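Undergrad: Build me a structure from this.
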Amino acid sequence: MEELLTILRDMHPDVDFETQEHLIDDMILDSLDIVSLISEISEEFDVTITAKDIIPANFNSAKALYELIQRLEDEG
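TA: Model (predicted):
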């Protein structure tokens with residue numbers, strides 16, 4: 001989880017990603033952020049995020065993103 005938080009903080013140092021649960025709904029992350037996140041997550045965690053995974057529920061919080069990463073690692 002710490003690696004993910006580092007990625008997120010590098011993008012938006014002013015956001016408290018540990019408590020924020022509406023990153024998409026509150027427009028904190030935009031489409032370019034999502035593309036960057038997918039690339040960095042793929043590289044850092046060696047997982048592939050497919051189009052079916054790119055839904056707001058998976059990107060609304062660091063917790064949701066980390067759960068997606070764990071699921072993708074398990075499916076490996």
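Undergrad: Count the residues that sit near Leu65.
TA: Close neighbours of Leu65, defined as other C-beta atoms under 10 Å, add up to 23. Where you see a C-beta, it was placed from the backbone N, CA and C, and this is true even at glycine.
Undergrad: List the residues that contact the most centrally placed residue in the chain.
TA: The chain has Leu65 as the residue nearest its centroid, 4.2 Å off, counting by C-alpha atoms, centre = their mean. Counting by C-beta atoms under 8 Å, 6 or more residues apart in numbering, Leu65 makes contact with 4, 8, 37, 41, 58-59.
Undergrad: And it, how far from Arg71?
TA: From Leu65 across to Arg71, the span is 11 Å (C-beta to C-beta, to the nearest Å).
Undergrad: If I look at Ala62, what pLDDT would I see?
TA: pLDDT for Ala62: 98.
Undergrad: Check which helices and strands the one helix or strand Ser39 maps to sits against.
TA: Ser39 belongs to helix 31-45 when assigned by DSSP states H and E. Packing partners of helix 31-45 (3 or more C-beta pairs under 8 Å, 6 or more residues apart in numbering; DSSP states H and E): helix 2-11, helix 62-75.
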